[in-house]
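Enquirer: Any chance you could fold what I've pasted below:
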Amino acid sequence: MYGVTITEIINKLHLDNMTPEIDTDKIVVSHPDVNRPALQLTGFFEHFDNERVQIIGFVEQAYLNNLTSERKREIYDKLLACQIPCLIYSRNMGPDEDMLDMANHYGVPCLVSNKATSDLMAEVIRWLNVKLAPCISIHGVLVDVFGEGVLIMGESGIGKSEAALELIKRGHRLVTDDVVELRKVSDDTLIGSAPDITRHFIELRGIGIIDVKTLFGVESVKDTQSIDMVIKLEDWNKDKEYDRLGLEDQYTEFLGNRVVCHSIPIRPGRNLAIIVESAAVNHRQKKMGYNAAKELYNRVQANLTRQGI
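Expert: Next comes the predicted model:
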């Protein structure tokens, strides 16, 4: 599992660092969940997961305000001695002097957010789930076509980048070329992005590297996109049976998630960009409840019934 530094969390969530003496670049969070240490503030530490980001909300702060200074220092000592990654205070409620002293002693950053506790927790969990999601790199091209994330795959040199370039010229957006980083953010969602080093670049054989963002403008690129369907390009094989109706969807699997997959045979004269556009619109139409193949099947069945066959 990947890790996220406290510095990245501070920058992403716009948090105030109350302990600047602590080097937040060296502290790494590897758990996507958070914890409100209400029970721990009462002294119960059994089954306490110290790898989670700890969030102090209004209720926890109100409880601490009712404790004596000696009791608070005792609780702070037990909590921070567990080597938690950080403490985040919501609603602009900052830590007291005792907490700051203990935090600096144990090297635990104390951070402050102006968001409500529930909003802060949701934002931290959502962002950490994306950053810490299982990740793989695959060979392909990812484009946003009419809002559908289309992953174009196939052997090297078959025409994936050329198809993507034609789609960009037709007003669609490039996410990544050649290398696609896939993250499983949930059991239903895969997010694709580009490695930093190749972001916005396309390689065209015979021409070289082109910068899509510079040539076609910022509206032609996108940083991330969910994977809605896969199109596999392959050389035409006259002996192979290709799907000509589409009554049943075919699937491929990444990180345990199934994604609709279409195999498209390549032959001179076939306009790949239009085929990809049509596949994306048809997939979108299916998600909205209309299946053209089933409609044709129903018409044929109704016609046969009328003829008494």
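
Enquirer: can you give me the helices in the chain?
Expert: Applying DSSP state H to the chain gives helices spanning 6-13, 38-41, 58-65, 69-80, 97-106, 117-131, 160-169, 212-216, 272-287, 292-306.

Enquirer: give the contact list for the nearest residue to Glu162 once chain neighbours are set aside.
Expert: Spatial nearest neighbour of Glu162, chain neighbours left out: Leu204 (6.8 Å); criterion: CB to CB, 6 or more residues apart in numbering. The C-beta positions use only the backbone N, C-alpha and C, and glycine is treated the same way. With contact taken as CB atoms under 8 Å, 6 or more residues apart in numbering, Leu204 is in contact with 161-162, 165, 210.

Enquirer: 10 Å - rerun?
Expert: 161-162, 164-165, 177, 210 (CB atoms under 10 Å, 6 or more residues apart in numbering).

Enquirer: again, but for Lys26
Expert: Shown in contact with Lys26 (CB under 10 Å, 6+ apart): 5-7, 107.

Enquirer: rewinding a little: which one of the helices of the chain has the most crowded surroundings?
Expert: Comparing these by mean neighbour count (mean count of other CB atoms under 10 Å), helix 160-169 comes out on top with a mean of 21.

Enquirer: quick check: angle from the lowest-mean-pLDDT helix or strand in the chain to helix 272-287?
Expert: Between all helices and strands in the chain, the lowest mean by mean pLDDT, DSSP states H and E belongs to helix 292-306, at a mean of 88. Orientation check (axes from the mean of the first three to the mean of the last three CA atoms, to 10 degrees): helix 292-306 against helix 272-287 gives 70 degrees.

Enquirer: mind saving the C-alpha coords of helix 292-306 as CSV?
Expert: Included here for helix 292-306 are C-alpha records, laid out as CSV according to Å, rounded to 0.1, in the frame of the first residue of the first chain:
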residue,chain,number,x,y,z
ALA,A,292,-30.5,-1.1,-29.1
ALA,A,293,-29.6,-4.8,-29.6
LYS,A,294,-32.4,-5.9,-27.2
GLU,A,295,-34.8,-3.5,-29.0
LEU,A,296,-34.0,-5.2,-32.4
TYR,A,297,-34.4,-8.6,-30.8
ASN,A,298,-37.8,-7.7,-29.4
ARG,A,299,-38.9,-6.3,-32.8
VAL,A,300,-37.8,-9.6,-34.6
GLN,A,301,-39.6,-11.7,-32.0
ALA,A,302,-42.8,-9.6,-32.3
ASN,A,303,-42.7,-9.9,-36.1
LEU,A,304,-42.3,-13.6,-35.9
THR,A,305,-45.2,-13.8,-33.5
ARG,A,306,-47.5,-11.8,-35.8
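
Enquirer: contacts for that helix?
Expert: Contacts of helix 292-306 (CB under 10 Å, 6+ apart): 243-249, 282, 285-286, 291, 309.

Enquirer: Assess the claim that Leu165 and Ile152 are in contact.
Expert: No. With contact defined as CB atoms under 10 Å, Leu165 and Ile152 do not form a contacting pair (11.4 Å).

Enquirer: Quickly list what's touching both of these two.
Expert: Listed as contacting both Leu165 and Ile152 by CB under 10 Å, 6+ apart are 141, 143, 159, 177.

Enquirer: I appreciate the help and will end here.
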